[in-house]
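>>> pasted the sequence and its predicted model underneath.
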Amino acid sequence: MSTRALLKTTPPATYRYTLAGWSYWEKVLNCDSLELTGLMRPFDFEAWHGDRVAVLGSNGSGKSHFLRLLAGGGTDPESGQEPVGEVNIDPVGHTGVAKLGARVRPGWFAQKRSRPDLVGRTLLENLHRRDEHGSVLPREDASRVLARYELAQSAEQRFETSMDTANC
């Protein structure tokens, strides 16, 4: 058998990655006729584990409101889907349903924020620290999270230098 024939019959290599405890077929978000009052028309949407999603729109179109609704646990959050951290998320006026998938726990890092508890810490330290729920992200895992979002180069940047410090 020639090398050329061998190459034609060999299937291409495939690569798949998964995060511990997750399956790629798990739905992480389902929106059904979701409308943010006065901001956007109703839409349906679903996201699955491993999907990469961008929220795009002009200024004032409701992007931050949509993310704030999700950060609050969606329309009717289940036990265990309360936001990570000591945050108070204002309710978002909406109709329809935004439901987070099983084992999805939202986080929220507001555009305008006052977090004196984070001042003096690096981004990596803030990801690695123990939260009020007693969980901690191991330092190596925290580094991987930063790398996944192309923030590894900012790991040692202090919180107060990463934003407008007027609110700290």
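Arrived safely. Residues are numbered from 1 along each chain as shown.
>>> pairing partners for the lengthiest strand in the chain, with directions?
Using DSSP state E, we find that the single longest strand of the chain is strand 27-36. With DSSP bridges as the criterion, the sheet partners recorded for strand 27-36 are strand 43-48 (antiparallel), strand 94-100 (antiparallel).
>>> what's next to it, contact-wise?
41-49, 51, 62, 65-66, 69-70, 74-75, 92-101, 104 (Cβ atoms under 8 Å, 6 or more residues apart in numbering). For the C-beta atoms, the positions are set from N, CA and C on the backbone; glycine is no exception.
>>> ok, stretch 90-103 next?
Outside stretch 90-103, the residues touching it (Cβ under 8 Å, 6+ apart) are 21-22, 26-38, 42, 49, 65-66, 68-70, 72-78, 80-81, 106.
>>> just the buried residues of it, please?
Applying a neighbour-count criterion of 16 or more other Cβ atoms under 10 Å, one finds 92, 94, 98-101 buried in stretch 90-103.
>>> you'd agree residue 154 is up against residue 143?
No. Residue 154 sits out of contact with residue 143 when judged by Cβ atoms under 8 Å, with a separation of 11.5 Å.
>>> so for these two, which residue has more residues nearby?
Relative neighbour count places residue 143 above the other of residue 154 and residue 143, with 17 against 14, counting by other Cβ atoms under 10 Å.
>>> ok, the more buried one - contacts?
124, 152, 155.
>>> do you know how far residue 137 is from residue 38?
Taking Cβ to Cβ, to the nearest Å as the measure, residue 137 falls 37 Å from residue 38.
>>> out of those two, which sits in the busier spot?
residue 137 (17 against 9).
>>> next up, the contacts around that one.
127-128, 145.
>>> could you list which of the residues you listed belong to helices?
Secondary-structure check on those using DSSP state H: residues within helices are 127-128, 145.
>>> can you put these in CSV and add neighbour count and pLDDT?
Supplementary listing: the ones in helices among the contacts of residue 137 in CSV, determined by neighbours: other Cβ atoms under 10 Å; pLDDT from 0 to 100:
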residue, neighbour count, pLDDT
127, 19, 81
128, 18, 77
145, 15, 83
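>>> what is the nearest of those residues to residue 87?
For these, the closest approach to residue 87 (Cβ to Cβ) belongs to residue 127, at 15.5 Å.
>>> number of residues surrounding the nearest residue to residue 87 once chain neighbours are set aside?
Distances taken as Cβ to Cβ, 6 or more residues apart in numbering place residue 108 nearest to residue 87, at 5.1 Å, with adjacent residues excluded. The burial count assigned to residue 108 is 16, neighbours taken as other Cβ under 10 Å.
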